[in-house]
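Trainee: quick one, what's the 3D model for this:
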Amino acid sequence: MFERNVVAWTTMINGYILAGHLASARRLFDVAPERDVVLWNIMVSGYIEDRDMVEARKLFDEMPNRDVMSWNTLLNGYANNGNVEALERLFEDMPERNIFSCNALIGGYAHNGLFFEVLTAFKRMLSESVVPPNDATLVTVLSACARLGALDLGKWVHVYAESWFGGQCLCWECVDGYVCKMWDHRKCNCSVPGNENKRFDFLEHLNWWLSGAWPWG
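Mentor: Residues are numbered from 1 along each chain as shown. Presented below is the predicted three-dimensional model:
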């Protein structure tokens with residue numbers, strides 16, 4: 001090969017990592033004439049897969065240019081290796097977050113059996129309204145509700161999901177029926193003048209549950 005570009009170096013280093021030769025991958029990484037963010041992320045991922053979070057963090061700190069994927073890679077590493085405190089600190093330090101960042105935090109709590117923290121993080125996600133949840137977020141939250149035995153709250157989450165992704169109406173009357181069948185919200189009784197107080201505020205009810213004031217029964 002007369003000319004080796006960063007793609008060629010990245011392919012070779014990734015091959016060593018996949019073959020389990022992490023030391024060889026690092027030696028090649030150290031002598032690479034050009035290292036872009038993709039190559040850095042791959043090398044950090046190699047240490048994470050080897051469960052060496054100390055070296056992964058050290059290399060992460062040396063990165064000249066980190067993108068959100070770099071942060072998410074390390075977040076998932078801490079989550080999967082059970083270091084919840086480091087996971088939380090890194091999440092707070094992030095200059096930018098996307099849905100994968102939030103899911104890494106919420107999924108990290110779930111992975112480590114911290115189901116109440118799953119709901120707390122979900123509440124924060126909704127309150128900040130910066131990154132909306134996706135289907136993966138809601139599956140994790142529903143699973144946390146099940147593990148906590150919070151079946152009523154799980155029902156509200158399910159209806160929230162139906163409203164968010166299905167364009168369905170979300171009100172007290174519809175929640176009582178579990179899932180609103182009225183795709184045209186104008187046909188629902190909650191839109192009748194005087195019934196506005198029936199509107200369902202999911203965040204309010206999540207706050208009630210987390211504070212221990214959930215109206216059971």
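Trainee: pull out the buried positions in the longest helix along the chain.
Mentor: Taking DSSP state H as the criterion, the chain has its longest helix at helix 151-166. Residues of helix 151-166 classed as buried by neighbour count (16 or more other CB atoms under 10 Å): 153-154, 156-164. From N, CA and C alone the C-beta is placed, and that goes for glycine too.
Trainee: for R4, what is the enclosing helix or strand?
Mentor: Assessed by DSSP states H and E, R4 sits outside every helix and strand.
Trainee: how many neighbours does L90 have?
Mentor: L90 has 22 neighbouring residues, counting by other CB atoms under 10 Å.
Trainee: what mean pLDDT does the helix or strand where it lies get?
Mentor: Assigned by DSSP H and E, L90 falls within helix 84-93. In this model, helix 84-93 carries a mean pLDDT of 97.
Trainee: dump that helix to CSV, keeping only the CA atoms.
Mentor: The C-alpha atoms that make up helix 84-93 are tabulated as CSV, following Å, rounded to 0.1, in the frame of the first residue of the first chain:
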residue,chain,number,x,y,z
VAL,A,84,-23.0,4.7,38.6
GLU,A,85,-21.3,7.6,40.3
ALA,A,86,-18.9,8.0,37.4
LEU,A,87,-21.8,7.7,35.0
GLU,A,88,-23.7,10.5,36.8
ARG,A,89,-20.6,12.8,37.0
LEU,A,90,-19.9,12.4,33.3
PHE,A,91,-23.5,13.0,32.4
GLU,A,92,-23.5,16.3,34.3
ASP,A,93,-20.2,17.4,32.7
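Trainee: need the next SSE after that helix, C-terminal direction.
Mentor: Where DSSP H and E defines the elements, the next helix or strand beyond helix 84-93 is helix 99-111.
Trainee: what about T140, how many residues nearby?
Mentor: 22.
Trainee: centroid residue for the protein?
Mentor: Closest to where the C-alpha atoms of the chain average out (CA atoms, centre = their mean) is N103, at 0.5 Å.
Trainee: OK, contacts around that residue?
Mentor: 134, 136-137, 140 (CB atoms under 8 Å, 6 or more residues apart in numbering).
Trainee: is it possible to mark the buried ones in those residues?
Mentor: 137, 140.
Trainee: quick one on the thing from earlier: so how far is the longest helix of the chain off the chain centroid?
Mentor: 18 Å (CA atoms, centre = their mean, to the nearest Å).
Trainee: what does stretch 105-124 give?
Mentor: With CA atoms, centre = their mean, you get 9 Å for stretch 105-124.
Trainee: sounds good, over and out.
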